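> Give me a model of this one.
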Amino acid sequence: MDKRTFFLCRNLNSLKSGESPGRLQHVDYIDEPDFSYSCFFENCLIPNQPCVFSRRFTEDWNCRKYWVTQDGKPNFPRLLQDFGNALVPVADCNIKEYNANPKQTVPLKDYLSYWEEYIQNGYSSSRGCLYLKDWHMHREFPGHTVYKIPVFFQSDWLNEYWDSIEVDDYRFVYMGPKGTWTPFHADVFHSYSWSANVCGRKRWLLFPPGQEDCLRNCHGDLVYDVTSLTLLDKMKYPKYVSNCQPIEIIQEAGEVIFVPSGWHHQVHNLVIMKSCTGIDYKEFYTFLKTISKNRIAYFNTRAEGAALSKINNMSTLQTLGPHHCLFDLQQISFLLEGLIINEDFKKQDHCSFIPLPEDLLKEIKEVLVYYDI
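Got it, this is the predicted structure:
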């Protein structure tokens, strides 16, 4: 921490205990390679606000190099080679016990065998929906340097203490197929945490400190699943209100999410875009193409002095005006940039995409450059 940051944040203890952050307008996405610890400290840690670090912060990790196949799937052969006989904790997501899932301990090789069968059977199994969670891989295999702790999270009082007494630690590995999930909770001692996603996708539902009180039943117990319709029962959940909505984050492969202190959350593992949004990648690309083409045509027609009425949805675009159309194109360019590097999107048959996503992105950027955006 630099001197400026120290003096800026030295009055941290003067904050009121349990003070909740203001209504979060957005979650910062950090992609700058020179993003400093001081910036993180001032903008995220002290304000107690979540953020997401891009995949560039984990691209040199061994787990991303060796635990993932070229097509973005878990590298089962490598995991078997390195950890096949390790005993791992496995929870059944279909069973609820005291607002948690019951666990059993099995060899990793047995769990991976189950995982493959689960996928082959259409994401179902008579054994339930099993999730490998809370595995102390780092403690059990200290010689496997599969990741590096980012500087932003190296101030870690919990693990510093547990490492000193050599009893326990709070470093965990999670693995599971689509459909596995973690019920609503806050992390140990309400501490902050960070989670890197090696492959696949995760859906996070986060609630700022204090908002969890609206998610307690008449006995004071937290809801098990924040997506459950049982919350609408005013007799069971008298404090729940419709505006008690989570901050939703879709975490892509390689990204790191920072979960601030006291933020309750629920996490779902995803695989295929269609399963969580109702739209697949091809349809989503076609959607972006349609919107962007309308706006590009709008500018082309204006430049040529042609009849604006010939363009689809022109009356709306005329009402919105050129600045809004430029804003739309800018947002679509951001979406396309993320889509093009997405591992699942790369697996699609791009020959069916006309124009190619890269060509559409180039066309959009030409318009933005022309209008100095």
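> lowest-pLDDT helix or strand in this structure?
Ranked by mean pLDDT, DSSP states H and E, the helix or strand of the chain with the weakest confidence is helix 273-277, at a mean of 44.
> Could you identify the helix or strand that succeeds that one?
Sequence order places helix 281-304 as the next helix or strand after helix 273-277, per DSSP states H and E.
> in that following helix, what counts as buried?
In terms of neighbour count (16 or more other C-beta atoms under 10 Å), helix 281-304 has its buried residues at 281-282, 284-285, 288-289, 291-299, 301. To be clear about C-beta, it is placed using only N, CA and C from the backbone, and glycine gets the same treatment.
> and if you look at stretch 328-345?
The neighbour-count criterion (16+ other C-beta under 10 Å) identifies 328-329, 332-333, 335-336, 339-340, 342-345 as the buried residues of stretch 328-345.
> what does stretch 129-147 give?
129-133, 135, 137-138, 146-147.
> which residue ranges form the helices in the stretch 201-350 of the chain?
Secondary structure of the stretch 201-350 of the chain, counting by DSSP state H, counting those that start in this stretch: helices at 273-277, 281-304, 314-320, 322-341, 343-346.
> out of the buried residues of helix 281-304, which one sits closest to residue 214?
Using C-beta to C-beta, residue 284 is the member of the buried residues of helix 281-304 that sits closest to residue 214, with 33.0 Å.
> quick one: pLDDT of that closest one?
Residue 284 is assigned a pLDDT of 82 by the prediction.
> quick one: low-confidence ranges for the stretch 101-250 of the chain?
Counting by pLDDT under 70, the stretch 101-250 of the chain contains low-confidence residues at 242-243.
> can you pull out the strands in it?
Counting by DSSP state E, counting those that start in this stretch, the segments of the stretch 101-250 of the chain that form strands are 103-107, 130-135, 173-175, 181-185, 193-196, 201-207, 247-251.
> Spatially nearest residue to residue 267, not counting backbone neighbours?
residue 182 (4.6 Å; C-beta to C-beta, 6 or more residues apart in numbering).
> And for residue 236?
Leaving aside its sequence neighbours, residue 236 sits nearest to residue 217 (C-beta to C-beta, 6+ apart; 5.1 Å).
> Contacts only, for that neighbour.
Contact criterion C-beta atoms under 8 Å, 6 or more residues apart in numbering gives 223, 236-237 as the residues in contact with residue 217.
> Show me the residue sitting in the middle of this structure in space.
With distances taken as C-alpha atoms, centre = their mean, the residue of the chain nearest its centroid is residue 251 (1.9 Å).
> Burial check on the nearest residue to that residue once chain neighbours are set aside, number of neighbours?
Take residue 251 and drop its neighbours on the chain: the residue closest to it by C-beta to C-beta, 6+ apart is residue 202, 4.3 Å away. Residue 202 has 20 neighbouring residues, counting by other C-beta atoms under 10 Å.
> Who is residue 202 paired with across the strands?
Under DSSP bridges, the beta-bridge partners of residue 202 are residue 251, residue 269.
> so residue 294 touches residue 320, yeah?
No. Counting by C-beta atoms under 8 Å, residue 320 is not a contact partner of residue 294; they are 10.9 Å apart.
> before we move on, back to that, what about the contacts of residue 217, which one has the most neighbours?
Going through the contacts of residue 217 with other C-beta under 10 Å as the criterion, the one with the most neighbours is residue 223, at 22 neighbours.
> isn't that one right up against residue 233?
No. Residue 223 sits out of contact with residue 233 when judged by C-beta under 8 Å, with a separation of 10.7 Å.
> average pLDDT for stretch 64-79?
Computed over stretch 64-79, the average pLDDT equals 93.
> who's in contact with that stretch?
The contact list for stretch 64-79, computed with C-beta under 8 Å, 6+ apart, reads 58, 108, 112, 115-116, 146, 175, 198-200, 253-254, 343-344, 346-347.
> show me where pLDDT drops low in the stretch 251-373 of the chain?
Across the stretch 251-373 of the chain, residues meeting the criterion (pLDDT under 70) sit at 271-279, 303-313, 315, 373.
> Please determine how far residue 337 is located from residue 97.
44 Å (C-beta to C-beta, to the nearest Å).
> got it, and residue 150?
35 Å.
> and the two? which has more neighbours close in?
In this comparison of residue 150 against residue 97, neighbours counted by other C-beta under 10 Å, the higher total goes to residue 150 at 16 against 10.
> Skipping its backbone neighbours, what lies nearest the more buried one in space?
Leaving aside its sequence neighbours, residue 150 sits nearest to residue 57 (C-beta to C-beta, 6+ apart; 5.8 Å).
> so how many other residues sit close to residue 154?
11.
> Contact partners for it?
With C-beta under 8 Å, 6+ apart as the criterion, no residue contacts residue 154.
> Kindly list the main-chain dihedrals of it?
phi -80, psi -20 (degrees, to the nearest 10).
> With only the CA atoms kept, save stretch 54-61 in CSV.
Coordinates of each C-alpha in stretch 54-61 appear next as CSV, following Å, rounded to 0.1, in the frame of the first residue of the first chain:
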residue,chain,number,x,y,z
SER,A,54,-10.5,-10.5,-16.2
ARG,A,55,-8.9,-13.7,-17.3
ARG,A,56,-5.6,-12.0,-18.0
PHE,A,57,-4.9,-12.1,-14.2
THR,A,58,-4.9,-16.0,-14.3
GLU,A,59,-3.6,-16.8,-17.7
ASP,A,60,-0.2,-18.0,-16.4
TRP,A,61,-1.7,-20.3,-13.8
